[in-house]
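J.: Got a sequence here, can you build the structure:
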Amino acid sequence: MTGLQKLCVAYFAVLMIAASLNYVPGLTDEDGLAFGIFALDIYDDALHVASALWALVAGLTSHKAARTFMVLFGLAYLGDGIFGFFTGYGYLDLGILTNGSAGMDLSLGRILANVPHLLLGGVAVWAGIKNIGRPA
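T.: The predicted structure is shown next:
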């Protein structure tokens, strides 16, 4: 298993944890905000589970499949995080279509809500483009 394949398996675990946040007692507040920062709904959960399964299949299939996942997933999630700064909502869960734009905001809450997508997406794009752990 190459480095990218192992990273895909790690992404599977991280994304499954993200999908489970609403279901762990004590992680959401009385307003339904995870860690008091962002709300996750069934669409977000489905997106995280689908992404996790894609990561797992890619990681278990081949280095090429893992690289494809990293680049495509990374670009999608990185873009969603950047979009979130400008609008307050993402496009992957169609939040921008159901809520409209909340405008640009660089508050701590907005930053913390978008950092997970920026980090996951950024690392994935970097790893896929660098082609880390490619087979000899």
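
J.: packing partners for the helix ranked longest in the chain?
T.: As assigned by DSSP state H, the longest helix anywhere in the chain is helix 63-87. Judged by 3 or more Cβ pairs under 8 Å, 6 or more residues apart in numbering; DSSP states H and E, the packing partners of helix 63-87 are helix 3-20, helix 42-61, helix 108-130. Every residue, glycine included, has its C-beta placed from N, CA and C.

J.: Just list the residues touching the residue most central in space within the chain, thanks.
T.: For the chain, residue 117 is the residue whose C-alpha lies nearest the centre (Cα atoms, centre = their mean; 4.6 Å). The contact partners of residue 117, by Cβ atoms under 8 Å, 6 or more residues apart in numbering, come to 77, 78, 80, 81, 84, 90.

J.: ok, now with 10 Å
T.: Listed by Cβ atoms under 10 Å, 6 or more residues apart in numbering, the contact partners of residue 117 are 18, 76, 77, 78, 79, 80, 81, 82, 83, 84, 90, 92.

J.: where's residue 3 relative to residue 78, distance?
T.: 20 Å (Cβ to Cβ, to the nearest Å).

J.: Same check on residue 6?
T.: From residue 6 to residue 78 the distance is 21 Å (Cβ to Cβ).

J.: Now do the contacts for the closest residue to residue 121 other than its chain neighbours.
T.: Leaving aside its sequence neighbours, residue 121 sits nearest to residue 78 (Cβ to Cβ, 6 or more residues apart in numbering; 2.9 Å). Each residue near residue 78 by Cβ under 10 Å, 6+ apart is listed here: 117, 118, 119, 120, 121, 122, 123, 124, 125, 126.

J.: Residue 2 too?
T.: 8, 59, 62-64, 66-67, 131-136.

J.: what do you get if the cut-off is 6 Å, keeping everything else the same?
T.: Residue 2 makes contact with 63, 133, 135, according to Cβ atoms under 6 Å, 6 or more residues apart in numbering.
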